[in-house]
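A.B. asks: Provided below are the primary sequence and the corresponding predicted coordinates.
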Amino acid sequence: MSEQKSMAIIATQGTLDWAYPPLILATTAAALDYEVSIFYTFYGLQVLRKNLDLRLSPLGNPAMPMPVSLPVLVQSLPGMEKMATIMMRNKLAKKGVASVADLREMALESDVRFIACQMTVDLFDFKQSQLIDDIEYAGATAFMEAASDADITLYT
């Protein structure tokens, strides 16, 4: 009998576009019977909020496909972040891509281990009541333990 494979992911980003990769990889790995841990730290903690309000910024994101090419100056104007976020949400919905909330729920139902970095929780004054249930609060040591034995370790 072979041992169960495992995956450990560090998630540091909390924007709409950066919320997807760790959740897609985690749910895929869980479906393939991997034991999966995601360590959410710094801005990644936004993905664990009960009230998701993830945004997308075209500013500083030259690879973002836009219907028209916009100069950096235009990208920095008020309302551009909201417009980019709406455009991305519409595109995701049109293409049938699951929402971040749905992917997060699928991951939890698949026993993906969500670890909220306690140092970051303290640093940014998060309250446990602001974050979803069924997550752990731990330091980097918890991630190091998961990663040290993981078959796959990713940084997102």
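C.D. replies: Good, I have the coordinates.

A.B. asks: rest of the way, CA atoms for contacts and neighbours
C.D. replies: Will do.

A.B. asks: Spit out the contact partners of the spatially most central residue of the chain.
C.D. replies: In the chain, the residue lying closest to the centroid (C-alpha atoms, centre = their mean) is Ala19, at 3.0 Å. When the contact criterion is C-alpha atoms under 8 Å, 6 or more residues apart in numbering, the partners of Ala19 are Gln13, Gly44, Val47, Val100.

A.B. asks: immediately after the lowest-mean-pLDDT helix or strand in the chain, which helix or strand?
C.D. replies: Least confident helix or strand, the chain: helix 72-75 with a mean of 53, by mean pLDDT, DSSP states H and E. Sequence-wise, the next helix or strand downstream of helix 72-75 (DSSP states H and E) is helix 80-94.

A.B. asks: in that next one, what counts as buried?
C.D. replies: By neighbour count with 16 or more other C-alpha atoms under 10 Å, helix 80-94 contains the buried residues Met80, Glu81, Ala84, Thr85, Met88, Arg89.

A.B. asks: Please tell me how far the last one sits from Arg55.
C.D. replies: When distances are taken as C-alpha to C-alpha, to the nearest Å, Arg89 and Arg55 turn out to be 9 Å apart.

A.B. asks: How about the fifth one?
C.D. replies: Counting by C-alpha to C-alpha, the separation of Met88 from Arg55 is 9 Å.

A.B. asks: count of neighbours near Ala146?
C.D. replies: Look at Ala146: counted by other C-alpha atoms under 10 Å, it has 22 neighbours.

A.B. asks: just Ala138 next, same as before
C.D. replies: If you count neighbours by other C-alpha under 10 Å, Ala138 ends up with 16.

A.B. asks: try the one 5 residues further on
C.D. replies: Neighbours of Phe143 under the rule other C-alpha under 10 Å: 20.

A.B. asks: need the contact list for it.
C.D. replies: Shown in contact with Phe143 (C-alpha under 8 Å, 6+ apart): Ala8, Ile10, Ser37, Phe39, Ile115.

A.B. asks: for Ser110, same thing?
C.D. replies: By C-alpha under 8 Å, 6+ apart, the contact set of Ser110 is Thr27, Ala30, Ala31.

A.B. asks: Ile132: which of those is nearest?
C.D. replies: Thr27 (17.5 Å; C-alpha to C-alpha).

A.B. asks: State the helix or strand in which the closest one lies.
C.D. replies: Assigned by DSSP H and E, Thr27 belongs to helix 16-31.
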